[in-house]
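**Student:** Quick one, what's the 3D model for this:
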Amino acid sequence: MTTNRGRKALMLALSVAAVAGVGLVGGGAAPAAATGLVWGDCDPAVKPLPGQQCATLSVPLDYADPEGERIGLAVARLRSARPEARRGTLMVIPGGPGSSGVQRLGQKGAALAKETEGAYDLVAFDPRGVGGSAKARCGFDEDDRRLVTLRSWPAADGGIGENVARSRRMAEACARNGGAMVRGLTTANQVRDLDRLRQALGERKLSAWAVSYGTYVAAVYAQEFPERTDRWVLDSSADPDPKRVAQGWLAGMARGAEDRFPDFAAWAARDGRIAERPEDVRPLFLDLAARLDREPRTTTTPGVPLTGTVLRQALQQALYSDASFPAFARLMSQALDPAGVPVLPPELAGPMPDEAATVSVGVICNDVDWPRSVPAYERAVAADRARHPLTAGMPANITPCAFWKGGAVEKPTRITDRGPSNVLMIQNLRDPSTPHSAGLRMREAFGDRARLVSVDRGGHAVYLGNGNACGDRAVTRFLTEGVRPAEDVLCR
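**Tutor:** Below is the predicted model:
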């Protein structure tokens, strides 16, 4: 991951910290005085928890030029309410790319603090380009920032001509407007930023709870800095294959939706909510999507009809959590009713902010080189549509990465079994985004460094989210007591 110049920059930073007398301590007592972080009240817009503090971390825009331009990253923390029980700092690493760590801390911080009983200060940051951190903008057109276009759904007939034109347009916008800030949007830089935060906190080691894409960030950190990782939890991991990275993650969505759909079908047939039998729900959905392809329905959002593509994307979002099933069932019912007026979920009613879309595209395109043959994408989409009709070829489709100027910024990191045995993975057997088979590939890459807790309930993001007591207990014991299962565990 780290270039020679990047490694020299990191070593220089460590040397400067040592000269300045920054103590790098481990678990137990409070850390040495943090440097470069001035903690204060958080902006009310981030909806901080009681006691939450915020600060700004200064990092190089380009680690190959550590004396050059610097950018600020938004940081938040919840200090342990039991200093005598504190054993270190636990980083909360969000998914994405493009999700806010500060928001994630606000959403899960109270539950995490209660679960870990004051064993940690809880800390998170917004990755570069996200939330309160330095912004990156490609200047995408509004229609190119909609979730159904960012996810690159093929046309109703399976054609990808419009996707090709949009992908080329978006890549050109980033090359024209993005500059060094967009080229700096990489997993490698998020890992470096995380280590700079560790230094600023005065910690010798960090513990972490990472979710979704954040598990890849955490896995790369553990590979690059194994001596600086303490207790490492990877929640809902994908295949870390360094040749594919996000291309492989997208491909997994097709299988993941197929694995997860029976959970929704069983729920939808309960008491005849949508159908009388679970086996009737799939053909009902596929027929409705095909009808909406032919005849889109007017919705409560002016100018945004409910098409088959929008319905498929709404399903993809709903499969992430059982809590989303009722809203998607209502959307289906409204679309099935000739007199109904469908109400779109908020994430489909309008475009994403340019900054969020830029990060989402920039990271996956900067991390690895993507195939550039349009005919190869056409063939892949046709095959994927036949195998996985629920996702209609989207996971195999072309993206702006096929036209990305300059290609990958650095060579991706290969995850290996080298390093301390301090990784605990937790994975759902039926995850719409990261199928269990993809999680197993991360598990295999780590070898004996990791243990895997598989759970048989819920969707994406398992710990403190899907109500599986067995899985929650395993993670909590690992974080608080250091107890890792002797072998992989299945929680029914």
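**Student:** What strand or helix carries the residue nearest to the spatial centre of the chain?
**Tutor:** Residue closest to the average C-alpha location in the chain (Cα atoms, centre = their mean): residue 95, at 2.2 Å. Assigned by DSSP states H and E, residue 95 belongs to no helix or strand.
**Student:** okay, it: pLDDT?
**Tutor:** Looking at residue 95, its pLDDT stands at 96.
**Student:** same deal with residue 426?
**Tutor:** pLDDT, residue 426: 98.
**Student:** Listing partners with orientation, what would you give for the strand or helix carrying it?
**Tutor:** Assigned by DSSP H and E, residue 426 belongs to strand 423-428. Strand pairing for strand 423-428, using DSSP bridges, gives strand 229-235 (parallel), strand 450-455 (parallel).
**Student:** now, of these, which is deepest in the fold?
**Tutor:** strand 229-235 (a mean of 26; mean count of other Cβ atoms under 10 Å). Any C-beta I mention is one placed from the backbone N, CA and C, and that applies to glycine too.
**Student:** relative to strand 423-428, how tilted is the helix or strand that that one is followed by?
**Tutor:** Following strand 229-235 in sequence order, the next helix or strand is helix 246-269 (DSSP H and E). Orientation note: helix 246-269 sits at an angle of 40 degrees relative to strand 423-428 (axes from the mean of the first three to the mean of the last three Cα atoms, to 10 degrees).
**Student:** Can you point out the buried residues in helix 246-269?
**Tutor:** Across helix 246-269, burial judged by 16 or more other Cβ atoms under 10 Å covers 246-261, 263-265, 267-269.
**Student:** Residue 282 touches residue 265, doesn't it?
**Tutor:** Yes. With contact defined as Cβ atoms under 8 Å, residue 282 counts as touching residue 265 (6.2 Å).
**Student:** Output the below-cut-off pLDDT ranges for the stretch 251-400 of the chain.
**Tutor:** For the stretch 251-400 of the chain, no stretch is flagged by pLDDT under 70.
**Student:** Now do the helices in it.
**Tutor:** Under the criterion DSSP state H, counting those that start in this stretch, the stretch 251-400 of the chain contains helices at 278-294, 308-318, 325-336, 346-349, 354-367, 374-387.
**Student:** Can you tell me which of the ones you listed is packed in deepest?
**Tutor:** Buried most deeply of the helices of the stretch 251-400 of the chain, by mean count of other Cβ under 10 Å, is helix 354-367, with a mean of 25.
**Student:** Give me the distance from that one to the chain's centre.
**Tutor:** The chain centre lies 12 Å from the centre of helix 354-367; the measure is Cα atoms, centre = their mean, to the nearest Å.
**Student:** Output the contacting helices and strands for that helix.
**Tutor:** helix 147-150, helix 161-177, helix 179-183, helix 187-201, helix 246-269 (3 or more Cβ pairs under 8 Å, 6 or more residues apart in numbering; DSSP states H and E).
**Student:** could I get the strands paired with strand 423-428 as a markdown table with distance to residue 86 and mean pLDDT?
**Tutor:** Below are the strands paired with strand 423-428 laid out as a markdown table (distance: least, Cβ to Cβ, whole Å; pLDDT from 0 to 100):
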| stretch | distance to residue 86 | mean pLDDT |
| --- | --- | --- |
| strand 229-235 | 13 | 98 |
| strand 450-455 | 25 | 97 |
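**Student:** Now render these as TSV, adding distance to residue 485.
**Tutor:** Formatted as TSV, those follow (distance: least, Cβ to Cβ, whole Å):
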stretch	distance to residue 485
strand 229-235	13
strand 450-455	5
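**Student:** Tell me how far the closest residue to residue 141 other than its chain neighbours lies from residue 409.
**Tutor:** Using Cβ to Cβ, 6 or more residues apart in numbering and skipping the chain neighbours, the partner closest in space to residue 141 is residue 169 (7.3 Å). Taking Cβ to Cβ, to the nearest Å as the measure, residue 169 falls 22 Å from residue 409.
**Student:** Look at these two and report which has more neighbours.
**Tutor:** The neighbour comparison of residue 169 against residue 409 (other Cβ atoms under 10 Å) goes to residue 409, with 19 against 14.
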